[in-house]
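*Asks:* let me see the structure of the following:
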Amino acid sequence: MGSQSHPLYPEVIMSAEKIQTMLRTIEDECRFTGGLTGRYALRQEVLNAMAAVRREEFVPDELKPYAYDNTPLPIGNGQTISQPFIVALMTDLLEPEPDDIILEIGTGSGYQAAVLSQLVRQVYSLEVIPALAEQAADRLQRLGYDKVEIIASDGSSGLHEHAPYDGIIVTAAAPRIPEALIQQLAPFGRMVIPVGKPHLPQELLLVEKSGHRVNSRRILSVAFVPFTGKGQA
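*Replies:* Residues are numbered from 1 along each chain as shown. So this is what the prediction gives:
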């Protein structure tokens, strides 16, 4: 008996091709922005994580054809999923290690947390919009991302229960770096956070803690949805 083709085989091939195109675009963007970011190439582990997470699972059905385009996409409730290059760059800037515990502020669809979960021991992710938190938790559970815990909470105070964190990643623009997040960052930990006001220039910052000293460095101009935590107006 001849072999029977799987009905989803062409779709799987198309998705794989789109993933490879996405990775090439990320690499091109890295070379183009390397003079600003200091990163002309990303760690292979980060690229592998980007390839492993199916981005179409994290966007609305009508936007699935555009899931691997290098652009942010709306996910409802006035929020977006960041463009793949920014997700990859922010992940790489954290320099995640397999035993790290990471705090994410702004779960959104859960995509950034899913990528990070490929690289670290545990991700705790806070989302201030309850509906998004519930959707992301259900999605991540369905897809088998068991290293991520979603908590519906205002992220401006961080999450004291599991501090300090080896890395903190913030996926919405705050007018300033929340002091609570600096306090919850482990010695020699890293935080990646966009800082600025809506509709005005924002800067992606890399914050590094060295003992009691905290240094921040501008990485790139960015455009994120605003941070909505208390005290961040």
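*Asks:* least confident secondary structure element in the protein?
*Replies:* The helix or strand of the chain with the poorest confidence is helix 9-37; it has a mean of 86 (mean pLDDT, DSSP states H and E).
*Asks:* what comes up buried for the helix or strand following that one?
*Replies:* Counting by DSSP states H and E, the next helix or strand C-terminal to helix 9-37 is helix 44-52. Buried residues in helix 44-52, counted by 16 or more other C-beta atoms under 10 Å: 46-47, 49-50. C-betas here are computed from N, CA, C, even on glycine.
*Asks:* let me know the closest of these to E149.
*Replies:* Of all the buried residues of helix 44-52, A49 has the smallest distance to E149: 18.3 Å, by C-beta to C-beta.
*Asks:* got the contact list for that closest one?
*Replies:* By C-beta atoms under 8 Å, 6 or more residues apart in numbering, the residues touching A49 are 91, 115-116, 118-119.
*Asks:* for it, which non-adjacent residue is closest in space?
*Replies:* Excluding its sequence neighbours, the residue lying closest to A49 (C-beta to C-beta, 6 or more residues apart in numbering) is Q118, at 3.7 Å.
*Asks:* what is the neighbour count of the one you found?
*Replies:* If you count neighbours by other C-beta atoms under 10 Å, Q118 ends up with 19.
*Asks:* show me what contacts it?
*Replies:* 48-49, 52-53.
*Asks:* equivalent analysis for Y68, please.
*Replies:* 18-19, 21-22, 55-56, 84.
*Asks:* need the max-distance pair from those residues.
*Replies:* Farthest pair in the contacts of Y68, by C-beta to C-beta: T21 and E56, 13.5 Å.
*Asks:* quick one on the thing from earlier: of the contacts of A49, just say which sits nearest to A223.
*Replies:* Lowest distance from A223 to these (C-beta to C-beta) belongs to T91, with 18.5 Å.
*Asks:* what about the host helix or strand of that closest one, average pLDDT?
*Replies:* Using DSSP H and E, T91 sits within helix 84-94. Here helix 84-94 scores 98 as its mean pLDDT.
*Asks:* give me the residue at the spatial middle of the chain.
*Replies:* The chain has Q112 as the residue nearest its centroid, 3.0 Å off, counting by C-alpha atoms, centre = their mean.
*Asks:* was I right about that one contacting M90?
*Replies:* Yes. Counting by C-beta atoms under 8 Å, M90 is a contact partner of Q112 at 7.4 Å.
*Asks:* shared neighbours of the two, anything?
*Replies:* What both Q112 and M90 touch, as defined by C-beta under 8 Å, 6+ apart, is the set 82, 169, 171.
*Asks:* for those residues, give me CSV that also has neighbour count.
*Replies:* Formatted as CSV, the shared contacts of Q112 and M90 follow (neighbours: other C-beta atoms under 10 Å):
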residue, neighbour count
S82, 25
I169, 25
T171, 28
